[in-house]
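**Student:** Sequence below, structure please.
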Amino acid sequence: MMRKGEYYKGKLVEELKKLSTQDFMQLLSARQRRSLKREFTDQKKKLLKSLKIARETNQKKPVKTHCRDMIILPEMVGQQLLIYNGKEFLPLVISYEMIGRYLGEYSFTRKRVQHSAPGIGATKSSGSLSVK
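**Tutor:** Reported below is the predicted structural model:
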């Protein structure tokens, strides 16, 4: 019986976890493949190591990271992360739909603009009002 949502490019997530990095790279698009081909930086290696430790010890506390350019790998599915957006750490639970994307795509660095009333001098009539 096939379940619709647990597949990534025709393979189950469990099958993806068993693949080597070279085989998994063939399923990704060119930009992600190029990023993985250039090896992991020290920061990315540290993140993968801390995720592995958290998985093995069944740690409930999410792993904090500044590494927004890390590609989500199949072994990261189900993990909890706190991703830095430049001001604060935003929570993220990784699901199978996120495989092959960057962590930074799920932690926005800018907020939506929320305008309120116009300021003094914004219109011709408000320019003659007193500031007090």
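**Student:** can you give me the helices in this protein?
**Tutor:** For the chain, applying DSSP state H gives helices covering 13-18, 21-25, 30-37, 42-56.
**Student:** Which residue comes closest to Leu28 once chain neighbours are left out?
**Tutor:** Gly100 (5.1 Å; C-beta to C-beta, 6 or more residues apart in numbering). Bear in mind the C-beta positions are built from the backbone N, C-alpha and C, glycine included.
**Student:** Next: Arg33.
**Tutor:** With C-beta to C-beta, 6+ apart as the measure, Met25 is the residue that lies nearest to Arg33, at 4.9 Å, once sequence neighbours are left out.
**Student:** What's the separation between the one you found and Phe108?
**Tutor:** Met25 sits 27 Å away from Phe108, taking C-beta to C-beta, to the nearest Å as the criterion.
**Student:** Thr21 too?
**Tutor:** Distance from Thr21 to Phe108, by C-beta to C-beta: 29 Å.
**Student:** before we move on, what about Gly10?
**Tutor:** Gly10 sits 31 Å away from Phe108, taking C-beta to C-beta as the criterion.
**Student:** more crowded one of the two?
**Tutor:** Phe108 (11 against 7; other C-beta atoms under 10 Å).
**Student:** That one and Gly86 touch, don't they?
**Tutor:** No: shown here, Phe108 and Gly86 do not form a contact pair, counting by C-beta atoms under 8 Å, at 9.8 Å.
**Student:** Give me the pLDDT value at Leu27.
**Tutor:** On pLDDT, Leu27 comes in at 88.
**Student:** For the residue nearest the centre of the chain, list the residues it contacts.
**Tutor:** Geometric centre of the chain, nearest residue: Leu103, 1.9 Å, by C-alpha atoms, centre = their mean. Residues near Leu103 by C-beta atoms under 8 Å, 6 or more residues apart in numbering: Thr65, Cys67, Arg68, Asp69, Met70, Ile72, Leu81, Ile83, Leu92.
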